[in-house]
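1. Sequence first, then the predicted structure, then my questions.
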Amino acid sequence: MTQQPEERYLTVVDENGEEQLCEILDTVYSEEFERNYVLYSLVGSEDEEGLVEIHAYAFEPSENGEDGELLPIETDEEWEFIEDFLAQREDELGEDEE
């Protein structure tokens, strides 16, 4: 995974070995799991209503700080953390629109 610092984009390689440009939607650190997480969507994947599928992975930054590695989220507890974080962000966005 390579992150382009001036933008909020990253490139991931899919299961077919093809590079996919993705937009970073949010990042979060969990003290409980001592891991960083990144939430992103594929660029251009919006449906007719503007909705996107959100992907979530743990993120291990590299030593140079310019790129890193996406790691699968393996436990139900981590997925619950991500779901709670997303619900909180949706609530915050809803409050901003009011």
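-> Arrived safely.
2. just to confirm, which helix or strand has the residue nearest to the spatial centre of the chain in it?
-> Nearest to the mean C-alpha position of the chain, counting by C-alpha atoms, centre = their mean, stands residue 39 at 1.4 Å. Assessed by DSSP states H and E, residue 39 sits inside strand 35-42.
3. going on from that strand, what's the next piece of helix or strand?
-> Following strand 35-42 in sequence order, the next helix or strand is strand 55-61 (DSSP H and E).
4. which residues of the chain fall in strands?
-> 2-4, 9-13, 19-30, 35-42, 55-61, 68-71 (DSSP state E).
5. Identify whichever of those strands lies nearest to residue 80.
-> With C-beta to C-beta as the measure, strand 19-30 is the member of the strands of the chain nearest residue 80 (10.8 Å). (Each C-beta comes from the backbone N, C-alpha and C, glycine too.)
6. what pLDDT, on average, does the closest one get?
-> Throughout strand 19-30, pLDDT has a mean value of 93.
7. Buried residues in it, which are they?
-> 20, 22, 24-25, 28 (16 or more other C-beta atoms under 10 Å).
8. contacting residues for the nearest residue to residue 30 once chain neighbours are set aside?
-> Spatial nearest neighbour of residue 30, excluding adjacent residues (C-beta to C-beta, 6 or more residues apart in numbering): residue 81 at 5.6 Å. Each residue near residue 81 by C-beta atoms under 8 Å, 6 or more residues apart in numbering is listed here: 30, 32-33, 37.
9. ok so, going back, could I get the buried residues of strand 19-30 in CSV, plus columns for distance to residue 71?
-> Compiled in CSV, the buried residues of strand 19-30 are given as follows (distance: C-beta to C-beta, whole Å):
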residue, distance to residue 71
20, 17
22, 16
24, 16
25, 18
28, 15
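10. picking up where we left off before, distance of the residue nearest to residue 30 relative to residue 15?
-> Residue 81 sits 25 Å away from residue 15, going by C-beta to C-beta, to the nearest Å.
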